[in-house]
Structures are given as C-alpha cells and as structure tokens.
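[1] I would like the atomic coordinates for the input below:
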Amino acid sequence: MNQQILFKSRPEGKPGNDNFQFEDLQDPECQDGKILLEAKYVSVDPYLRGRMRDEKSYIPPFDIGKPLESMVVAKVLNSKNSNFQEGDRVVGMLDWKKKQVHDGKNLRKIDTRLAPAPAFLGVLGLTGLTAYLALEKIGKLKEGETLLVSGAAGAVGSIVGQIGKIKNCKVVGIAGSDEKIAKIKSWGFDDGINYKTTTNMKEAIKERCPNGVDVYFDNVGGKILDASLQNINKFGRIINCGAISIYNETEQPTGPRPEGILIKKSALMQGFLVRDHVEDFEAAIQQLGSWLKDGKLEYEETIVEGFENIPQAFIDLFDGKNTGKMLVKI
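    Sure, this is the predicted structure:
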C-alpha cells in the first residue's frame with residue numbers, strides 16, 4: 001500500500017506528531033513522459049520548520065492538508081520518459097510519499113558507484129554544497145586563521161570543520177554533548193565546547209580561541225551567535241547559515257545588537273542560501289568528491305528506519321539526537 005504524509009496543522013513552538021497525518025493511497029500509474037519513483041532515503045532538515053509557518057520566505061510555506069516535501073533519493077520503478085531508465089537512482093525535492101509519479105524535472109541522476117546513496121543527501125548533496133560554498137563565497141578562509149563552527153556535530157557543521165582543517169586553519173567546534181565533542185575531535189577539529197555544560201560561552205570561546213575568531217560559521221543563532229560575535233577579529237566574517245536554536249520560538253528573542261561590533265571590527269555578517277549558487281554546484285561536488293575519495297573528508301549519518309518514522313526523525317533534530325545528517329531509510 002502506498003502512503004503519504006500530510007501537513008495537518010501549524011505547530012506552536014516545537015513540532016509534534018500531531019502536526020502530521022498519514023494517508024493511504026493507491027499505487028500510482030506511470031503516464032507518458034513521466035517516471036514512477038519509489039522513495040529510498042528521505043532527508044529531514046531544520047529549515048523545514050520555517051516552511052511550517054504561514055509567512056513569506058525564500059521558499060513557499062507548506063499548505064495545510066498537502067504533502068510535505070524534502071530532498072529524497074528515489075529509485076525509478078517505471079519510466080515513460082526518455083531521460084530515465086528503470087533502475088536509475090535520482091535525487092531531488094519530492095513529496096513525502098512511498099511512491100509517486102514525477103515529470104523528471106529538477107531531478108538529478110546519482111552514481112552509487114561513487115558513494116552510497118545516502119551520501120547524495122549529505123556530503124555530496126545540499127549539505128556538503130552548503131558547507132563548501134558558504135566557506136568559499138563568504139568565509140574566504142586563509143591558512144592559519146581560526147574557524148569557529150556551531151552545530152559542529154551536525155550535517156553541515158561537521159563538513160565545515162573538516163574543510164577548515166584541509167585549508168590548514170585552527171578549527172573549534174561547538175556541540176551539545178561530550179560524546180559529540182569527542183566525535184568532532186576524531187574528525188580533526190582542534191578543540192570543542194559543550195554548550196550545554198558551559199555557563200559563560202563568551203569566555204569559553206575566548207579560552208579556546210586566544211587569537212580571536214576570523215570566521216564564525218553559524219548554524220544555531222541565538223545566544224551562541226551573540227557570544228561568538230564578541231570574539232570576532234578585525235575583518236572577521238560571520239556566515240549565517242542556520243538558526244535552529246530559535247526556529248521554535250513563538251516570539252523572536254532579542255540579543256546584543258551586532259552593529260557596534262561589526263563597525264568596530266570592520267567585520268562582515270552575511271546570510272547564505274545554497275540555492276543562490278546553483279551554477280557552482282557541479283564544480284563543488286567534484287571538489288567534495290575528490291576530498292572524499294582521498295580520505296580527507298569523513299561523514300556520519302543518523303539513519304532512522306521506516307516511512308512511519310519520518311515525522312519523529314524531524315522532531316528529534318530539535319533535541320540534537322542526530323550526529324551528522326539525519327535521514328530516514330524507507
């Protein structure tokens with residue numbers, strides 16, 4: 001039996017299972033010019049929380065009563081489209097359905113001889129592209145600089161830190177448990193800060209970054225961003241990539257005003273959306289693939305089994321239950 005997951009209601013604060021609804025469907029039939037897809041791996045990501053709000057953003061909000069969507073690796077079960085063959089593996093933005101018919105537009109074939117299928121949702125997908133291109137476009141790392149990364153044990157942060165080491169920088173990561181700190185050090189990070197056991201984040205950063213912070217890659221926002229700003233160096237660069245610490249806030253909190261610091265330090269603070277750099281994807285994937293092949297990049301995934309567990313896997317992101325990329329295997 002085919003199934004889909006519908007967006008039932010808009011959450012107030014942290015999402016719960018009652019915001020999702022499962023619906024049984026008949027297996028779809030493949031029409032001319034279309035392909036029949038079977039989902040294999042579903043990516044759940046913090047940014048999806050923003051789409052649950054009924055407000056204009058860089059990507060449209062989810063509609064109540066309609067299927068949710070995210071990046072998915074799928075197998076072509078049947079093809080009536082000359083661009084695809086039965087058995088092809090593809091990746092793209094797809095509905096949360098076990099099976100669906102698609103026109104093939106904006107889907108990319110993947111070669112699982114290069115890497116396992118889940119990697120194309122992580123290190124060789126938008127996750128890796130975000131890490132690499134944000135550092136290239138905004139971070140502009142120079143050898144010997146200090147890179148600070150929040151969400152360091154997460155999907156993007158873990159890759160950011162490793163790229164920093166490839167570029168011969170000092171890398172300090174911020175994560176939410178001693179186990180995660182040990183993990184990022186195993187990836188080559190020079191040091192780490194457990195924010196859950198740290199009472200003074202500003203001083204903790206200063207202690208581990210005695211020469212200040214040249215580039216801060218922000219995946220969490222909130223108080224950690226505030227503390228990092230207070231340690232930024234002259235001509236420092238702050239990359240605003242995510243703000244998971246405040247995604248579930250019903251009222252946006254206020255913090256220290258950054259203007260004075262940015263002016264005093266001639267620092268740059270810039271938001272990053274990977275979709276703004278589509279023209280650079282191919283070259284970036286080639287570079288990431290090369291580092292992966294050479295053993296310079298490691299990646300970790302938290303893989304949850306079962307279509308029925310997609311909502312809970314998404315919810316678990318906000319409790320930090322993932323190390324690396326959070327995926328659901330169908």
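[2] quick check: buried residues in the helix or strand bottoming out on mean pLDDT in the chain?
    Here the helix or strand of the chain ranked lowest by mean pLDDT, DSSP states H and E is helix 259-264, holding a mean of 91. Neighbour-count burial for helix 259-264, counted by 16 or more other Cβ atoms under 10 Å, picks out 261-262. C-betas here are computed from N, CA, C, even on glycine.
[3] quick one: distance of it to the chain centre.
    On the basis of Cα atoms, centre = their mean, to the nearest Å, helix 259-264 sits 29 Å off its chain's mean C-alpha point.
[4] for it, which outside residues touch it?
    With contacts defined as Cβ atoms under 8 Å, 6 or more residues apart in numbering, helix 259-264 is touched by 229-230, 232, 267-269.
[5] most neighbours out of these, which is it?
    Neighbour counts for the contacts of helix 259-264 peak at Ile232, which has 26 neighbours (criterion: other Cβ atoms under 10 Å).
[6] I'd guessed it sits against Leu225; true?
    No. Applying Cβ atoms under 8 Å as the test, Ile232 and Leu225 come out as separate, 10.6 Å apart.
[7] contact partners for Asp190?
    170-172.
[8] how about Gly188?
    161-162, 165, 171.
[9] using JSON lines, lay out those residues together with neighbour count.
    Listed next are these as JSON lines, based on neighbours: other Cβ atoms under 10 Å:
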{"residue": "Gly161", "neighbour count": "28"}
{"residue": "Gln162", "neighbour count": "23"}
{"residue": "Lys165", "neighbour count": "17"}
{"residue": "Val171", "neighbour count": "28"}
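[10] I'd like to know which of the residues you listed is nearest to Ile205.
    Set against Ile205, the nearest of the contacts of Gly188 by Cβ to Cβ is Val171 (13.0 Å).
[11] where in the chain is pLDDT low?
    For the chain, the stretches with pLDDT under 70 are 245-256.
[12] the helices in it, which residues?
    48-51, 126-134, 155-166, 178-186, 201-208, 222-229, 259-264, 281-293, 310-317 (DSSP state H).
[13] which residues touch Gln312?
    Neighbouring residues of Gln312 by Cβ under 8 Å, 6+ apart: 17, 304.
[14] look up how far Val328 lies from it.
    Going from Gln312 to Val328 by Cβ to Cβ, to the nearest Å gives 9 Å.
[15] intersection of neighbour lists for these two?
    Common neighbours of Gln312 and Val328 (criterion: Cβ under 8 Å, 6+ apart): Val304.
[16] surely Asp18 touches Arg10?
    No. Taking contacts as Cβ under 8 Å, Asp18 lies outside contact range of Arg10: 11.4 Å.
[17] looking at those two, which is more packed in?
    Shown here are Asp18 and Arg10; by other Cβ under 10 Å, Arg10 has more neighbours (13 against 10).
[18] wait, the more buried one sits on Met52?
    Yes. In this structure, Arg10 is within contact of Met52 by Cβ under 8 Å, at 5.7 Å.
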